[in-house]
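Trainee: Provided below for reference: sequence and predicted model.
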Amino acid sequence: MKNSQVNTKISMMMDFYSAAAAAHAFDGEAPDERIVWFDLSFRKDPRLGGFCVTAGLEQAAQALEELSFDEEELSYLSEQGCPAAFTDYLRNMRFSCDIWAVPEGTPVFPNEPVVKVRGPAIQTLLIETLLMQTMNYQSLIATKASRIVRAAQGRRVVEFGARRAHGASAAVCGARAAYIGGCAGTTCVEAAMTLSIPRYGSMTHNFVEMFDSEYEAFKAYAKAFPDQCVLLIDTFGALRSGLPNAIRVFDEVLAPMGKRPVGVRIDSGDLAYLSKRVRRTLNEAGYPDCDVIASNALDEHIIAEMIRNGARVDTFMVGEKLITGGDVSYFPGVYKLVARETDGKAEPVLQLSENVSKIVTPAPKLLWRLYDMETGKAVADLLTTEDEDVSQEKEYKLFDPDYTWKKKTVTNFVARQLLTPVFEDGECVYRFPSLDEIRSYCAQQTDALWEEVLRFEYPHNYYVDLSQKLWDIKNGLIEKLRSDAAAE
């Protein structure tokens, strides 16, 4: 597997309850060899819209390939009360789980298995936090980026948040996820260099203020970066000072060199109004190819409103409200046990929570996406048991798993399995595509969703249905658990 240069040695990155549960999964001195199944999925959050974009799988896989415990880590676990049999197990542990996952960049919907894990109970418990942390953060940023890029309606969006990221790793991984979600590039030099993401940037207010005049600052910058000249024009007033000085430098410095300016950036004020005035003045000055760039705490809602107001912005640079998730401070991912194996047979298990939204679908599953063969659009997603093959069906009757009287028979469709093998017996078997390939795949898959599903507010309810067999398993377990509880 190629190395994307993101630090992934995080074997101890776990909540202690994971270590405690794994440590006590011993019968005397022998480890508990039970095989169990887990699903990593996410719960609905209206602030994320109707779907999310998966990201982070490559970094999670790298971390799992390097999963090992050194003596310092083992000593610490011993000091925390973990038995010697457990630390001995970790010292010699060979990761041996089977893992399937939805490819990065795939739009997925609530309660679908994004990652499916099968393996020894101890190992599946140890990797919970690692998987969730890696997948949750990058999926959050990729989802937010997708929303911002769609709001920009074809205009360029650049990730601009390294200074506001929650640490160096978040800055790099966030830039990666933002690129998957559709951003054109990043201003983070580390991410651009190590991940080969297109690098963007401009000058700062501090740079301008270091000179005796704005004109001198612009002149110095243009001479230093004649092929990448982007001038920040709002330090002392965008229209009154910055724009006239920028045009003067374009005429006096760049033009004699045979160079054209890349852009001017506005970072304050009424961006929609200013962009229209700046665009008109640049055109009149002979620079219609000079981009108008906007920044200043932007998100999808502000960008959409700017465009509705006729903003003439070519590039949006989006910082803190992208790299931190903005109004969504966390990704609602969960990692839940769905089956235990007995004599090689998977027995479904289910948590009968007081909160209905926390009841996951039990059993090892397949995730199918049904596409209309005429339009190419996604019709619905379908969860089935592992022994059901929908790909050969000519027609299929779907029903709402909550309101079962709502039914629809689909024909002229193709069913594609979304979960793909990543690890087999602890060995990585997946060929990770390049970042550009993931980004293109994300755009294609998002384009396969109907416009009604893509709405930011009140998106159309995209159906995630269960096969009759899987529905029977789930509801049979619910009835059994309710009956058992009433009998106690």
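Mentor: Great, that's in hand. Remember, it's a predicted structure, so these values are computed and weren't measured experimentally.
Trainee: what residues does stretch 184-191 touch?
Mentor: Under the criterion C-beta atoms under 8 Å, 6 or more residues apart in numbering, residues 156-162, 168, 171-172, 175-176, 178-179, 192, 197-201, 315, 317 lie in contact with stretch 184-191. (C-beta placed from N, C-alpha, C; glycine too.)
Trainee: Buried among those? Need that as a selection in PyMOL.
Mentor: Per 16 or more other C-beta atoms under 10 Å, the buried members of the contacts of stretch 184-191 correspond to this PyMOL selection:
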select buried, resi 156+157+158+159+160+161+162+171+172+175+176+178+179+192+197+199+200+201+315+317
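Trainee: Can you tell me which of the contacts of stretch 184-191 end up in strands?
Mentor: Of the contacts of stretch 184-191, the ones assigned to strands by DSSP state E are 156-159, 315, 317.
Trainee: Closest to residue 409 out of those?
Mentor: For the ones in strands among the contacts of stretch 184-191, the minimum distance to residue 409 (C-beta to C-beta) is 40.5 Å, reached by residue 157.
Trainee: tell me the contacts of that closest one?
Mentor: 145, 148-149, 182-184, 315-318.
Trainee: export those residues to CSV and tack on distance to residue 266 and pLDDT?
Mentor: Below are the contacts of residue 157 laid out as CSV (distance: C-beta to C-beta, whole Å; pLDDT from 0 to 100):
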residue, distance to residue 266, pLDDT
145, 22, 98
148, 18, 98
149, 20, 98
182, 23, 98
183, 19, 98
184, 18, 98
315, 11, 98
316, 11, 98
317, 10, 98
318, 14, 97
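Trainee: Residue 388 reaches residue 468, doesn't it?
Mentor: No: at 9.5 Å, residue 388 does not count as touching residue 468 under the criterion of C-beta atoms under 8 Å.
Trainee: Neighbour count for the two, which is higher?
Mentor: residue 388 (16 against 13; other C-beta atoms under 10 Å).
Trainee: Angles on the backbone of the more buried one, please.
Mentor: Dihedral angles of residue 388 (phi, psi; degrees, to the nearest 10) stand at phi -100, psi 130.
Trainee: begin at 48 from here
Mentor: With the count now opening at 48, the last piece we talked about shows up as residue 435.
Trainee: Next one: it from residue 514, what distance?
Mentor: According to C-beta to C-beta, to the nearest Å, residue 435 stands 6 Å off from residue 514.
Trainee: Same check on residue 206?
Mentor: Distance, residue 206 to residue 514, by C-beta to C-beta: 40 Å.
Trainee: quick one, longest strand in this structure?
Mentor: Per DSSP E, the chain has its longest strand at strand 380-389.
Trainee: That one: how far from the chain's middle?
Mentor: Taking the mean of its C-alpha atoms, strand 380-389 sits 23 Å from the chain's own mean (C-alpha atoms, centre = their mean, to the nearest Å).
Trainee: Could you list every helix and strand that the next helix or strand after that strand packs against?
Mentor: Next in sequence after strand 380-389, counting helices and strands by DSSP states H and E, comes strand 392-395. Strand 392-395 makes packing contacts with strand 380-389, helix 515-534 when contacts are defined by 3 or more C-beta pairs under 8 Å, 6 or more residues apart in numbering; DSSP states H and E.
Trainee: will you turn these into a markdown table that also has distance to residue 449?
Mentor: A markdown table is the format used below for the helices and strands packed on strand 392-395 (distance: least, C-beta to C-beta, whole Å):
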| stretch | distance to residue 449 |
| --- | --- |
| strand 380-389 | 19 |
| helix 515-534 | 10 |
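Trainee: Where does the residue nearest to residue 299 when sequence neighbours are not counted sit: helix, strand or coil?
Mentor: Nearest non-adjacent residue to residue 299, counting by C-beta to C-beta, 6 or more residues apart in numbering: residue 266, 7.6 Å away. Following DSSP: H, G, I helix; E, B strand; the rest coil, residue 266 is assigned to helix.
Trainee: right, and residue 266 touches residue 297 too?
Mentor: No: using C-beta under 8 Å, residue 266 makes no contact with residue 297, being 10.6 Å away.
Trainee: Looking only at neighbour counts, state which of the two leads.
Mentor: Neighbours per residue (other C-beta under 10 Å) separate residue 266 from residue 297, with residue 297 holding more: 23 against 17.
Trainee: what's that one sitting at in phi/psi?
Mentor: Torsion angles at residue 297 (phi, psi; degrees, to the nearest 10) stand at phi -60, psi -40.
Trainee: What separation do you get for the nearest residue to it once chain neighbours are set aside and residue 328?
Mentor: Nearest non-adjacent residue to residue 297, counting by C-beta to C-beta, 6+ apart: residue 308, 5.0 Å away. Note on residue 308: its distance to residue 328, by C-beta to C-beta, is 13 Å.
Trainee: same deal with residue 187?
Mentor: Distance of residue 187 to residue 328, given as C-beta to C-beta: 39 Å.
Trainee: Contacts only, for residue 512.
Mentor: 427-430, 445-448.
Trainee: Redo the residues you listed as a markdown table? Include pLDDT, neighbour count and secondary structure.
Mentor: Listed next are these as a markdown table, based on pLDDT from 0 to 100; neighbours: other C-beta atoms under 10 Å; DSSP: H, G, I helix; E, B strand; the rest coil:
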| residue | pLDDT | neighbour count | secondary structure |
| --- | --- | --- | --- |
| 427 | 95 | 20 | strand |
| 428 | 97 | 22 | strand |
| 429 | 97 | 23 | strand |
| 430 | 97 | 22 | strand |
| 445 | 93 | 19 | strand |
| 446 | 91 | 18 | strand |
| 447 | 89 | 15 | coil |
| 448 | 89 | 19 | coil |
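Trainee: quick check, nearest of those to residue 285?
Mentor: Closest to residue 285, out of all of the contacts of residue 512 and judged by C-beta to C-beta, is residue 428, at 47.4 Å.
Trainee: Ramachandran angles for the nearest residue to the closest one once chain neighbours are set aside?
Mentor: In space, and not counting its chain neighbours, residue 428 is closest to residue 511: 4.7 Å by C-beta to C-beta, 6+ apart. Backbone torsions for residue 511, taken as degrees, to the nearest 10, come to phi -110, psi 100.
Trainee: wait, residue 511 sits on residue 430?
Mentor: Yes: if you go by C-beta under 8 Å, residue 511 and residue 430 touch, sitting 6.8 Å apart.
Trainee: measure residue 481 to residue 223 for me?
Mentor: In terms of C-beta to C-beta, residue 481 sits 12 Å off from residue 223.
Trainee: Equivalent analysis for residue 439, please.
Mentor: 37 Å.
Trainee: circling back: Serialize the ones in strands among the contacts of stretch 231-238 to CSV and add fields for distance to residue 59.
Mentor: Below are the ones in strands among the contacts of stretch 231-238 laid out as CSV (distance: C-beta to C-beta, whole Å):
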residue, distance to residue 59
203, 40
204, 36
205, 35
206, 30
362, 41
364, 37
